[in-house]
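1. What shape does this take:
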Amino acid sequence: MILAVDEENGIGKNGRMPWHHSEDFKHFKNYTRGSICIMGRTTFEDIKSFKKRDSGRFLPDRQCIVLTSDARKHKENNQYTHVQFMDGATGLIDILDFANRANFVEDEIFTHLSRVTQNRPYTKIPDISIVGGKSVYELFIKEGIVDEICLTRVKGNHNCDVIVNIKDWVKDFSHIDSKVLSDNCTVETYKKDVVDESKKVS
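-> Residues are numbered from 1 along each chain as shown. From the prediction side, this is the model:
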């Protein structure tokens, strides 16, 4: 899971990310390249509008799944071969089934993943990157299947209208690394704590 917050834990304003730091964009690109990126419609529209202004392609080298309440409409107007629109409810169930890899042997994972991503062939199991927005982050945190949180802290208060509870999200994670991207951005990495079953009290 990857996200960026300002000093007030804000992630968005008026449906957009209110800062644009090239160092963080490069970090996002490197972190998510080759993975399946899962996002909500608002995040999709924000990335698309930025890429249009920037004359860039929409997240190349990644397969994208957009969870939305109006998947049929977006499918009809979809101009991207590597973007799949899925109903927010049934799509999430499919993704959670895949993410819970203990339920599958390897061949079944490839079969299930190909169905979820419109029969794209895979030779190895890709990572899944949750890229926003707030409701999508919260869904996957609640399900307990996020194993890593990559958090960029952006300097300043950007008067965001979407605020997240980072302290609550990372309570079951350990802070394992920090690195400075620029004067404006620092990246923190959190790994989910592994429960020692032998020490659990029944």
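2. which residues does the nearest residue to residue 147 once chain neighbours are set aside contact?
-> With CB to CB, 6 or more residues apart in numbering as the criterion, residue 147 has its nearest non-adjacent residue at 4.7 Å, and that residue is residue 192. For the C-beta atoms, the positions are set from N, CA and C on the backbone; glycine is no exception. Taking CB atoms under 8 Å, 6 or more residues apart in numbering, we find residue 192 in contact with 146-148, 172-174.
3. Flag the shaky bits of this structure, pLDDT-wise.
-> Counting by pLDDT under 70, the chain shows low-confidence ranges at 51-56, 89-93, 95-126, 195-202.
4. which residues of it fall in helices?
-> Along the chain, counting by DSSP state H, helices occupy 22-32, 41-53, 71-76, 88-99, 106-116, 134-143, 166-169.
5. so what secondary structure elements neighbour the first one?
-> Under the contact criterion of 3 or more CB pairs under 8 Å, 6 or more residues apart in numbering; DSSP states H and E, the helices and strands touching helix 22-32 comprise strand 2-5, strand 128-132, strand 148-154, strand 185-192.
6. okay, the ones you listed, which one's buried deepest?
-> Across the helices and strands packed on helix 22-32, the average number of neighbours (mean count of other CB atoms under 10 Å) peaks for strand 128-132, which reaches a mean of 23.
7. What lies in contact with that strand?
-> Contacts for strand 128-132 (CB under 8 Å, 6+ apart): 1-3, 11, 28, 31-32, 35-40, 43, 62, 95, 98-99, 136-137, 140, 146.
8. Bridged to the residue sitting nearest the centre point of the chain, which residues?
-> Nearest to the mean C-alpha position of the chain, by CA atoms, centre = their mean, lies residue 130 at 1.6 Å. Beta-bridge pairing for residue 130 (DSSP bridges): residue 38.
9. before we move on, the earlier item: out of the contacts of residue 192, who's the most crowded?
-> Counting neighbours by other CB atoms under 10 Å, residue 146 leads these with 19 neighbours.
10. List the residues that contact it.
-> Applying CB under 8 Å, 6+ apart, the residues near residue 146 are 1, 130, 140, 192.
11. Pull the most distant pair out of the residues you listed.
-> Of all pairs drawn from the contacts of residue 146, the greatest distance, 13.2 Å, lies between 130 and 192 (CB to CB).
12. Please report how far the closest residue to residue 175 other than its chain neighbours lies from residue 143.
-> Once flanking residues are discounted, residue 175 sits nearest to residue 190: 5.5 Å by CB to CB, 6+ apart. Counting by CB to CB, to the nearest Å, the separation of residue 190 from residue 143 is 17 Å.
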